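J.: Next one to model:
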Amino acid sequence: MLAKAQRLRKPSEFQRVREQGRCWSATLLVVCKHPNGLPISRFGFSVSRRIGKAVARNRVKRQMREAVRMQQDLVAPGWDVVWIARQPIGLAAYADIEQTVARLLGVAGLLAAGERME
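T.: So this is what the prediction gives:
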């Protein structure tokens, strides 16, 4: 589980990242980043009702959190990052979500120096 200090919780924080940050997308996920001026990176997760009912949304959110948690040591400090689920994620396997997270971290330039993943 991500530590409390590493999570975005306020709607204003999500809105700031979405409006002022830069975004990249893949089939399953969209990632947006914005510098936060802190010595840590913070993460937020958004799953809309289009994904499904509450059980499906919560499952997708748990999978997204776990995939990011597995990669968080590779992420450079000082960023607020919002992950947004896209429609086909409800049918995707966890391995696909994990692979998409790793790819988007590299494309968005969020990996610490020397931690480039292919």
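
J.: Is it correct that residue 39 falls within a strand?
T.: No: per DSSP: H, G, I helix; E, B strand; the rest coil, residue 39 lies outside any strand segment and is coil.

J.: Next up, the contacts around it.
T.: Residue 39 makes contact with 77, 78 under the criterion CB atoms under 8 Å, 6 or more residues apart in numbering. For the C-beta atoms, the positions are set from N, CA and C on the backbone; glycine is no exception.

J.: Show the backbone phi and psi for it.
T.: phi -80, psi 0 (degrees, to the nearest 10).

J.: Over to residue 70?
T.: As for residue 70, its main-chain torsions (degrees, to the nearest 10) stand at phi -70, psi -20.

J.: can you check residue 110 too?
T.: Main-chain torsions, residue 110, degrees, to the nearest 10: phi -90, psi -10.

J.: Report pLDDT for residue 116.
T.: At residue 116, the pLDDT value in this model is 50.

J.: separation between the most centrally placed residue in the chain and residue 89?
T.: Nearest to the mean C-alpha position of the chain, by CA atoms, centre = their mean, lies residue 83 at 3.2 Å. Using CB to CB, to the nearest Å, we find residue 83 at a distance of 10 Å from residue 89.

J.: and the residue nearest to the centre of the chain, which of the three is it?
T.: With three-state DSSP as the criterion, residue 83 reads strand.
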